[in-house]
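Novice: How does the following fold in three dimensions:
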Amino acid sequence: MENFVAYNPTKLHFGKDVTDILGKTIEKFGKRVLLVYGGGSIKNNGIYDKIISQLKSIDARIFEYQGIKPNPVYEDVDAAAKLGRDNNVDVILAVGGGSVIDSAKIISITIPVNNTCWDFYENKIKPQKAIPVISVLTLAATGTEMNPYAVLQNNKTKQKWGYGNDLLYLKHSFLDPQNTFTVPKNYTAYGITDLIAHCLEAYFGKGDASLSDSFVYAIIKEAIKYGPPLLDDLQNYDLRAKIMYAATAALNRTTLYGRVSGDWGVHSIGHVLSLLYDIPHGASLSIAYPAWLKFQKNNIPDRIAELGKNIFNVNTPDETITAFEAFFKSIECPLKLSDIGIEKNNKQIIFDGMISNKVTGMNHKLNPEDYEKLIDLMLSPL
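Specialist: Predicted coordinates for the structure are as follows:
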């Protein structure tokens, strides 16, 4: 086991009606609030009105930035940061899923500087301070509500990258499963795939950490057990709560302790697919992970077989891969590129995207020859 430091300063508020103390929590940081959210679904499901009521209860001055995209872009972050900078905001309130919260994290370190936020991603500058961020989560998937990472894309350079810094930890995260009741079936399924993929990235990372492996098995089995019934009963509070908690636990670093790192090669592939074709992140992962496992099955057969034994009670790499594919199919997630309308004539486009994004894993390295094999595996029928 590797040496590690356990650090997670985010205070998580989990359960029914936890946002009833949102206003009082925000007031501790100030009353000039930058409210960041997505395309407006929170206005249709009633969450927006509850948030505004909480902010009015403390006489907050509200500055709104609406329109964060599902695959968030740096231009929105820069624009929101300017709004926050021009109005000298005290605190950022992010209401939404991973894209909104990721954007808010980068907004928080961009407000204090005069640079574009993309300079952080290109390591031209390093953050020195951050505006406090509080989140209200509306989609169980990414785990961003309790970690220091954020993903943005740059459509000009055709790059989609992750960024991490301890300044990106949120001060408070509010997780009320009721706020996910209106998430449709397909995006609920994508969230389940996403949380499983986060566990797998940790599992295939560098370093031997048996207890962290056990956490991975437990979280994935939780998703497999409770995900399918949730998809048939989308307003079931208990099932929503189980998946929401699993998604947070999948990427709040618990599964990474004792390792050098996770791998993140599959996420790197998935980011290219969502960058090029604007597909949901979880949908990219249900395509990329089986392909990656097939590519790696002769390189790390024992590791893949151990995973299958502990989750599905199967014995071989092939059986493990088949079991994951069967689960993704059972929750109606795509398994190959043609399932989302991407045919073989896109192979060069995807290859070029993988080149420009320098797709690789932190543990299992990938090169251009590997890209071709992986693309073929994502294209080939099952």
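
Novice: can we go C-alpha only for contacts and neighbour counts from here?
Specialist: Noted.

Novice: any idea which residue sits dead centre in the chain?
Specialist: Nearest to the geometric centre of the chain sits Thr142, at 2.7 Å (Cα atoms, centre = their mean).

Novice: Which residues are in contact with the spatially closest residue to that one that is not a sequence neighbour?
Specialist: Of all residues beyond its chain neighbours, the one nearest Thr142 is Gly98 (5.6 Å), with distances taken as Cα to Cα, 6 or more residues apart in numbering. Listed by Cα atoms under 8 Å, 6 or more residues apart in numbering, the contact set of Gly98 reads 139, 141-145.

Novice: Dump these into a markdown table; add secondary structure and pLDDT as well.
Specialist: Converted to a markdown table, these look like this (DSSP: H, G, I helix; E, B strand; the rest coil; pLDDT from 0 to 100):
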| residue | secondary structure | pLDDT |
| --- | --- | --- |
| Leu139 | coil | 97 |
| Ala141 | coil | 97 |
| Thr142 | coil | 96 |
| Gly143 | coil | 97 |
| Thr144 | helix | 98 |
| Glu145 | helix | 98 |
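
Novice: hang on, the earlier thing: okay, the residue nearest to the centre of the chain and Lys185: tell me how far apart.
Specialist: Distance, Thr142 to Lys185, by Cα to Cα, to the nearest Å: 17 Å.

Novice: cool, and Val73?
Specialist: Using Cα to Cα, one obtains 25 Å as the distance from Val73 to Lys185.

Novice: Which one's more surrounded, those two?
Specialist: Counted by other Cα atoms under 10 Å, Val73 and Lys185 do not tie: Val73 has more neighbours, with 20 against 16.

Novice: thought the more buried one was touching Val151?
Specialist: No. With contact defined as Cα atoms under 8 Å, Val73 does not reach Val151; the gap is 9.0 Å.

Novice: quick one: buried residues of the lowest-mean-pLDDT helix or strand in the chain?
Specialist: Taking mean pLDDT, DSSP states H and E as the measure, helix 41-44 is the helix or strand of the chain with the lowest mean score, a mean of 93. Applying a neighbour-count criterion of 16 or more other Cα atoms under 10 Å, one finds Ile42 buried in helix 41-44.

Novice: any residues touching it, and which ones?
Specialist: Residues lying outside helix 41-44 but in contact with it, judged by Cα under 8 Å, 6+ apart, are 48-49, 96.

Novice: Filter those residues down to the buried ones.
Specialist: Buried residues within the contacts of helix 41-44, counting neighbours by 16+ other Cα under 10 Å: 48, 96.

Novice: for the contacts of helix 41-44, which one is nearest Pro334?
Specialist: For the contacts of helix 41-44, the closest approach to Pro334 (Cα to Cα) belongs to Gly96, at 24.2 Å.

Novice: how close does that closest one sit to Lys344?
Specialist: Applying Cα to Cα, one obtains 35 Å for the distance of Gly96 from Lys344.

Novice: next one: Asn315
Specialist: Counting by Cα to Cα, the gap from Asn315 to Lys344 is 33 Å.

Novice: wait, isn't Leu307 in contact with Glu319?
Specialist: No. Counting by Cα under 8 Å, no contact exists between Leu307 and Glu319, whose distance comes to 10.5 Å.

Novice: The two - which one has more neighbours?
Specialist: Per other Cα under 10 Å, whichever of Leu307 and Glu319 has more neighbours is Leu307, with 25 against 17.

Novice: C-terminal to the helix or strand that one falls within, what's the next element?
Specialist: Assignment of secondary structure by DSSP states H and E places Leu307 within helix 301-312. Going down the chain from helix 301-312, the next helix or strand is helix 317-330, by DSSP H and E.

Novice: Show me what counts as buried in that following helix.
Specialist: By neighbour count, with 16+ other Cα under 10 Å as the criterion, the buried positions of helix 317-330 are 317-325, 327-328.

Novice: TSV for those residues, including distance to Glu27 and pLDDT?
Specialist: Formatted as TSV, the entries for these read as follows, by distance: Cα to Cα, whole Å; pLDDT from 0 to 100:
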residue	distance to Glu27	pLDDT
Pro317	53	98
Asp318	54	98
Glu319	53	98
Thr320	50	98
Ile321	49	98
Thr322	51	98
Ala323	49	98
Phe324	45	98
Glu325	47	98
Phe327	44	98
Phe328	43	98
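
Novice: following the biggest helix by length in the chain, which helix or strand shows up next?
Specialist: When the chain is scanned for its longest helix (criterion: DSSP state H), the result is helix 210-231. Using DSSP H and E, the helix or strand that follows helix 210-231 towards the C-terminus is helix 237-250.

Novice: now the helices: where do they sit in the stretch 51-200 of the chain?
Specialist: Applying DSSP state H, counting those that start in this stretch to the stretch 51-200 of the chain gives helices spanning 74-86, 98-110, 118-121, 185-203.

Novice: which residue sits farthest out from the middle of this protein?
Specialist: If you look at how far each residue of the chain sits from its centre, by Cα atoms, centre = their mean, the farthest one is Asp59, at 32.9 Å.

Novice: Now render the helices of the stretch 51-200 of the chain as CSV, adding mean pLDDT.
Specialist: What follows is the helices of the stretch 51-200 of the chain, written out as CSV (pLDDT from 0 to 100):
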stretch, mean pLDDT
helix 74-86, 98
helix 98-110, 98
helix 118-121, 98
helix 185-203, 98
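
Novice: what about those, which gets the closest to Leu168?
Specialist: With Cα to Cα as the yardstick, what comes closest out of those is helix 98-110 (5.4 Å).

Novice: C-alpha coordinates for the closest one, CSV please?
Specialist: Listed in CSV are the C-alpha atoms of helix 98-110, where the atom choice follows Å, rounded to 0.1, in the frame of the first residue of the first chain:
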residue,chain,number,x,y,z
GLY,A,98,-21.6,17.9,-12.7
SER,A,99,-21.3,20.4,-15.5
VAL,A,100,-22.7,23.2,-13.5
ILE,A,101,-20.6,22.4,-10.4
ASP,A,102,-17.4,21.8,-12.4
SER,A,103,-17.9,25.2,-14.0
ALA,A,104,-18.5,26.9,-10.7
LYS,A,105,-15.3,25.4,-9.3
ILE,A,106,-13.3,26.9,-12.1
ILE,A,107,-15.2,30.2,-11.9
SER,A,108,-14.2,30.4,-8.3
ILE,A,109,-10.5,30.5,-9.2
THR,A,110,-10.9,32.6,-12.3
